[in-house]
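Participant: Need the 3D shape of this:
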Amino acid sequence: MSKKSIEQALTLGVDILNEFLPVRSFLYFPILYSACVWAVRRVFDYRERILSWQIWLDSEEVGTKPDEFILQFFTVHEGLSRAYAGEIAALDRKALRAAFPALYPVCGLEDAFLRALFKPELDSGDYRKIVADFEARAAEAKDEIRRLESDPGFWKALEEFGMEVASLGIHVLGDKDVQDLIIAAVKKGGSRKAKG
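Facilitator: As a prediction, the model looks like this:
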């Protein structure tokens, strides 16, 4: 595996997204990062995984967690225990339960797509912004991807990108290294002129 090969594959990924999404869409990073994560796991059912979204938008699953589980979730997670120290100390279960549906999929289930979607907030430790923006940003992402639902070319291209990445042995890179390479590729804009 060479870093140059991975950079070239990621540039190809940006080119693919340039063809199907608005220029510099906020979804470039989440889609490429998720594809890389799933490629490492050798899971090539991107379309089904991206469109089903039942894990991280299933309010019933998160709504049935007992108070003890939610309190432990906030207490054990280092960043959340700092951000919600007041609520934890006061045992404010109502406030913790209100924040839980947004934070559990991102910080508990560690959904690759959501972690990428909220990367700036995770990097800065701004968990309250994740909670504030979760529904609107997730709905916007869902709407934009649903637009592509019936475009077989998009899903085929994304699968080919994933297979290319998987063949490069990207799994030996650290998560942060992969993220940095994707961000650099997105900032560079790919190798071809974007449409529209």
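Participant: residue boundaries of the helices in the protein?
Facilitator: 3-20, 28-40, 46-52, 59-63, 67-76, 78-83, 85-89, 93-103, 112-117, 119-124, 127-147, 152-167, 175-188 (DSSP state H).
Participant: residues in contact with Ala35?
Facilitator: Residues in contact with Ala35, defined by Cβ atoms under 8 Å, 6 or more residues apart in numbering, are Gly13, Tyr46, Leu158, Phe161, Gly162, Val165. Bear in mind the C-beta positions are built from the backbone N, C-alpha and C, glycine included.
Participant: Now do the fourth one against Leu80, distance only.
Facilitator: The one in question is Phe161. From Phe161 across to Leu80, the span is 33 Å (Cβ to Cβ, to the nearest Å).
Participant: same check, this time on the first one
Facilitator: Distance of Gly13 to Leu80, computed by Cβ to Cβ: 31 Å.
Participant: Tell me which of these two has more neighbours.
Facilitator: Gly13 (27 against 23; other Cβ atoms under 10 Å).
Participant: ok, the more buried one touching Leu32?
Facilitator: Yes. Using Cβ atoms under 8 Å, Gly13 is in contact with Leu32, at 4.8 Å.
Participant: overlap in contacts of the two?
Facilitator: Contacts common to Gly13 and Leu32, judged by Cβ under 8 Å, 6+ apart, are Phe161, Ile182, Ala185.
Participant: The first one contacts Ile16, correct?
Facilitator: I take that to be Phe161. Yes. With contact taken as Cβ under 8 Å, Phe161 and Ile16 are classed as touching, separated by 5.8 Å.
Participant: Report the lowest-confidence entry in the contacts of Ala35.
Facilitator: For the contacts of Ala35, the weakest pLDDT value sits at Tyr46, with 61.
Participant: List the buried residues for stretch 93-107?
Facilitator: Leu96, Ala99, Phe100, Pro101, Ala102, Leu103, Tyr104, Pro105, Val106, Cys107 (16 or more other Cβ atoms under 10 Å).
Participant: Alpha carbons only: can I get stretch 81-92 in CSV?
Facilitator: Taking Å, rounded to 0.1, in the frame of the first residue of the first chain, the C-alpha atoms of stretch 81-92 are listed here in CSV:
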residue,chain,number,x,y,z
SER,A,81,-19.1,13.5,31.0
ARG,A,82,-17.3,16.8,30.7
ALA,A,83,-19.9,18.5,28.5
TYR,A,84,-22.9,17.3,30.6
ALA,A,85,-21.2,17.4,34.0
GLY,A,86,-23.9,19.6,35.5
GLU,A,87,-26.7,17.3,34.3
ILE,A,88,-24.9,14.2,35.5
ALA,A,89,-24.2,15.7,38.9
ALA,A,90,-27.8,16.9,39.3
LEU,A,91,-29.1,13.5,38.0
ASP,A,92,-31.1,15.5,35.4
